[in-house]
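# Quick one: sequence and predicted model below, then my questions.
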Amino acid sequence: MTMIRTRFAPSPTGFLHIGGARTALFSWAFARHHGGQFVLRIEDTDVARSTPAAVQAIIDGMNWLGLAHDEGPFYQMQRMDRYKEALRQMLADGHAYCCYTTQEELDAMREEQRAKGLKPRYDGTWRPEPGKTLPTPPAGVLPVIRFKNPTEGVVAWNDLVKGRIEIANAELDDLIIARQDGTPTYNFCVVVDDWDMKITHVIRGDDHVNNTPRQINILKALGAEVPLYAHLSMILGDDGQKLSKRHGAVSVMQYHEDGYLPEAVLNYLARLGWSHGDDEVFSMEQFCAWFDLDHITPSAAQFNTEKLNWLNAHYIKQTDNARLAGLVRPRLEAREVSVTDTPSLEAIIGLYKERISNLNELADAAEVFYIDLTPNAELLAQHLTPEAKPALADFIAGIREVAWEAPAIGALIKSCIGAHGLKMPKLAMPLRILLTGQAQTPSVDAVVALFPREVVIKRLAAAA
Ligand code: GLU
């Protein structure tokens, strides 16, 4: 049986886009599902736009998501000699030819065709045909190399997502495969790479559907086996428009910054255009076991930030406190908060992780335990009412003696409110605000118990 080989072939011109990450995930999972191999290829031939920082951003994004490649990264710029050799082969076999038509001539040709209401295309002046005498190459003009596209018949493939797609060869121009300076063009590099890298399944965005018939024709001319193609529909934003920065984060590493866990992002992306019954929450092991190309929807998938947030909250709840502390600590350090052992970050996380939906919110919750806090005066005035003050004073007196654990502290709070005929929030609210600056916290006795006793005394004394 043939080894299944897929690839992810990003152009390093910015960051790893969330849509690119979905393509990478599907290619990776398909290879994993079949015990195959996943290749990473960096398509960096657009030298004006490709940067080392962008290459690094792709690698960082892939690493963060844990989408490990089995081969590569291969860099197209390092394979120029190989493309040139393939170009020579194409010329020698009569599948490509030198074309001396200049840019000015092409522009004039297009202008004339448009004026006549025709579709602009190269007129085939330099295309060799049996019995045709070619013009003499003009002196001083460097040729481009064009692919001799078949003129008859159709090029067709059974797209594994979109079904059968068929294009008449008559619709296709003779594509330029090398520029005047001899450098190969985009489609040619892709074809040689997919061939050399023995790619069996090309899984990519459907913005490449138009390239596919040209690539198939060139592959055939090279005598290469044509891979199978699966073109994934694009991802739309929450509002149905093409996903862009307007919709929030589009860079994978922005999700990292924004406090998402990679497993939440992966689980979310997996369901973006693919389904397995009603399953919404699953591990990558399950995904790889289930993933196939039959259950990819051909229609565009819509991004849903709420669902991603829900998944992130779910995974945060499932994650043990020690790992979460390891993820939250650098976020606090970046804010120049020095994290001490009392209270322990793990203990804070244990108390708060049920209530938040990302790591930054967890850091926000933890931060107040480690800084010198001055609660918002207005908020405090609103909750620290005259009737609450005597109960607070009793509580302050009581905490010097009480056993330092949530149940005993809870009992003390109850006795303080009982003595003054108050309801729980009357005392709980000012306590929350004085201790954490926030009106919403987990159970107040548990919050008090997290702090060292002296810190509670100090923070509450500020209100007296
Ligand atoms: N480099 C192309 C891109 O980033 C992908 C090419 C391909 O997958 O064939 O859109």
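All right, it came through fine. Residues are numbered from 1 along each chain as shown.
# Run through the residues of the protein sitting next to the ligand.
Within the chain, the positions near the ligand by C-beta under 6 Å from any ligand atom are 9, 10, 11, 43, 190, 204, 208. Quick note: C-beta positions are derived from backbone N, CA and C, even for glycine.
# May I have the beta-bridge partners of the residue of the stretch 151-300 of the chain found nearest the ligand?
At 3.5 Å from the ligand, residue 204 is the closest residue in the stretch 151-300 of the chain, using C-beta to the nearest ligand atom. Note on residue 204: beta-bridge partners by DSSP bridges are residue 231.
# thought it was touching residue 23?
Yes: under the criterion of C-beta atoms under 8 Å, residue 204 makes contact with residue 23 at 5.9 Å.
# just to revisit the earlier point, so which of the residues of the chain next to the ligand belong to strands?
residue 204 (DSSP state E).
# okay if I get the residues of the chain next to the ligand as a markdown table plus pLDDT?
Shown next, in a markdown table, are these (pLDDT from 0 to 100):
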| residue | pLDDT |
| --- | --- |
| 9 | 98 |
| 10 | 97 |
| 11 | 95 |
| 43 | 97 |
| 190 | 98 |
| 204 | 98 |
| 208 | 97 |
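# From the residues of the chain next to the ligand, pick the one nearest residue 258.
Here the nearest of these to residue 258, counting by C-beta to C-beta, is residue 10; it sits at 21.4 Å.
# That closest one: what's it in contact with?
Going by C-beta atoms under 8 Å, 6 or more residues apart in numbering, residue 10 touches 16, 20, 24, 42, 43, 58.
# Now intersect those residues with the helices, please.
Mapping the contacts of residue 10 onto helices (DSSP state H) picks out 20, 24, 58.
# mind putting those in TSV, pLDDT and neighbour count included?
Formatted as TSV, the ones in helices among the contacts of residue 10 follow (pLDDT from 0 to 100; neighbours: other C-beta atoms under 10 Å):
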residue	pLDDT	neighbour count
20	95	23
24	98	27
58	97	26
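# Which of the residues you listed sits closest to the ligand?
Nearest to the ligand among those is residue 20, at 6.7 Å by C-beta to the nearest ligand atom.
# which ones are touching the closest one?
The neighbourhood of residue 20, defined by C-beta under 8 Å, 6+ apart, consists of 8, 10, 205, 252.
# Low-confidence regions, the chain specifically.
464 (pLDDT under 70).
# Start from the N-terminal end of it and give the strands.
Applying DSSP E to the chain gives strands spanning 5-8, 37-42, 71-75, 96-99, 144-147, 154-159, 163-168, 176-178, 201-205, 228-232, 235-236, 301-302.
# out of those, deepest packed?
Comparing those on average neighbours per residue, with mean count of other C-beta atoms under 10 Å, the densest one is strand 5-8 at a mean of 26.
# then that strand to PDB, C-alphas only?
Output of strand 5-8 as PDB, limited to C-alpha atoms (Å, rounded to 0.1, in the frame of the first residue of the first chain):
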ATOM      1  CA  ARG A   5       2.000  11.800   2.500                       C
ATOM      2  CA  THR A   6       0.500  15.200   3.100                       C
ATOM      3  CA  ARG A   7       2.000  18.600   3.300                       C
ATOM      4  CA  PHE A   8       1.500  22.100   4.700                       C
END
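# let's number from 13 now, not from 1
Renumbered: residue one is now 13, and that last one reads strand 17-20.
# Stretch 385-405: end-to-end distance?
Terminal residues of stretch 385-405 are spaced 20 Å apart (C-alpha to C-alpha, to the nearest Å).
# ignore the last one, stretch 18-36
Using C-alpha to C-alpha, the end-to-end distance of stretch 18-36 comes to 9 Å.
# Stretch 238-250 now?
Stretch 238-250 end-to-end distance (C-alpha to C-alpha) = 37 Å.
# Work out the gap between it and the centre of the chain.
15 Å (C-alpha atoms, centre = their mean, to the nearest Å).
# go on, stretch 359-367?
27 Å.
# Over to stretch 19-39?
Here stretch 19-39 is found 7 Å from its chain centre; the criterion is C-alpha atoms, centre = their mean.
# do stretch 454-470 as well
Distance, stretch centre to chain centre, for stretch 454-470: 40 Å (C-alpha atoms, centre = their mean).
# And stretch 26-43, by the same measure?
On C-alpha atoms, centre = their mean, the centre of stretch 26-43 falls 7 Å from that of its chain.
# next one: stretch 198-205
A distance of 25 Å separates the centroid of the chain from that of stretch 198-205, by C-alpha atoms, centre = their mean.
# Pull the residues that contact it.
For stretch 198-205, contacts defined as C-beta under 8 Å, 6+ apart pick out 19, 21, 53, 55, 57-58, 86, 88, 91, 94-95, 98-99, 159, 187, 189-190, 196, 211, 223, 226-227, 230-231, 234, 236.
# hmm, try it at 7 Å
The contact list for stretch 198-205 (C-beta atoms under 7 Å, 6 or more residues apart in numbering) reads 53, 57, 88, 94-95, 98, 187, 189, 223, 226-227, 230-231.
# who wins for neighbours among these?
Highest neighbour count within those, by other C-beta atoms under 10 Å: residue 189, with 26 neighbours.
# ok, now how distant is residue 141 from the ligand?
31 Å (C-beta to the nearest ligand atom, to the nearest Å).
# Could you give the number of residues near that residue?
Around residue 141 there are 10 residues (other C-beta under 10 Å).
# Neighbours of residue 124, how many?
12.
# If you drop the residues flanking it in sequence, what lies closest to the one residue in the stretch 363-476 of the chain that gets nearest to the ligand?
The minimum distance from the stretch 363-476 of the chain to the ligand, using C-beta to the nearest ligand atom, falls at residue 370 (28.6 Å). Nearest residue to residue 370 in three dimensions, chain neighbours excluded: residue 271, at 3.3 Å (C-beta to C-beta, 6 or more residues apart in numbering).
# if I look at residue 216 and residue 35, which residues touch both of them?
Contact criterion C-beta under 7 Å, 6+ apart; residues shared by residue 216 and residue 35: residue 244.
# In the stretch 313-462 of the chain, what residue comes closest to the ligand?
residue 313 (17.3 Å).
# Take the contacts of stretch 198-205 and lay them out in CSV including distance to residue 418.
Formatted as CSV, the contacts of stretch 198-205 follow (distance: C-beta to C-beta, whole Å):
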residue, distance to residue 418
53, 56
57, 62
88, 61
94, 68
95, 68
98, 71
187, 72
189, 72
223, 63
226, 69
227, 65
230, 70
231, 68
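# Mind picking the two most distant members of these?
Spatial extent of these (C-beta to C-beta) is set by the pair 53 and 187 at 20.6 Å.
# follow-up on the earlier one: residues contacting the residue of the stretch 313-462 of the chain closest to the ligand?
245, 247, 284, 285.
# of all these, which two lie farthest apart?
Checked with C-beta to C-beta, these reach their widest spread between 245 and 284, with 9.8 Å between them.
# and those two? which has more neighbours close in?
Higher neighbour count among residue 245 and residue 284: residue 284, with 25 against 17, using other C-beta under 10 Å.
# wouldn't that one be in contact with residue 33 here?
No: between residue 284 and residue 33 there is no contact under C-beta atoms under 7 Å: 9.9 Å.
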